[in-house]
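>>> Whatever this is, show me its structure:
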Amino acid sequence: MPIYEYKCKKCGKEFEVFQHMSDPAVKSCRFCKGPVNKLMSLSSFHLKGSGWYVTDYGGKKVPHTEKKEASESAAPAETPKTEAAPKGGSEE
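Coordinates of the predicted model:
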């Protein structure tokens, strides 16, 4: 049975209610009888085992050969030449 969270617009208190999905939504606060809003909650639902994105595809790294090809195509064809500093025995 799901747990739904509500927050009162009047007193600001938050509370949880165990309800079937087919049950009508709560309309009033259990503390002050004011109007309530249904809150979005974090889910504790996890897909475990093989066959799910996280276990089969989520952590795979690119094979070494694909990395090498990608880096070669991204590198420039020619490297710029730098001029060597003039050699000389006199320092000022």
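>>> which stretches of this protein form strands?
Under the criterion DSSP state E, the chain contains strands at 3-8, 14-18, 36-38.
>>> out of those strands, nearest to Ser44?
Smallest distance to Ser44 across the strands of the chain (C-beta to C-beta): 9.8 Å, for strand 3-8. No exception for glycine: its C-beta is placed from N, CA and C like everyone else's.
>>> tell me the angle the closest one makes with strand 14-18.
Between strand 3-8 and strand 14-18, the angle comes out at 150 degrees (axes from the mean of the first three to the mean of the last three C-alpha atoms, to 10 degrees).
>>> residue contacts, the closest residue to Lys10 other than its chain neighbours?
Nearest residue to Lys10, sequence neighbours excluded (C-beta to C-beta, 6 or more residues apart in numbering): Gly34, at 2.7 Å. Shown in contact with Gly34 (C-beta atoms under 8 Å, 6 or more residues apart in numbering): 8-11, 28.
>>> rewinding a little: make JSON lines from the strands of the chain and add distance to His46 to it.
Output for the strands of the chain, formatted as JSON lines (distance: least, C-beta to C-beta, whole Å):
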{"stretch": "strand 3-8", "distance to His46": "17"}
{"stretch": "strand 14-18", "distance to His46": "21"}
{"stretch": "strand 36-38", "distance to His46": "23"}
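>>> With that, I have no additional questions.
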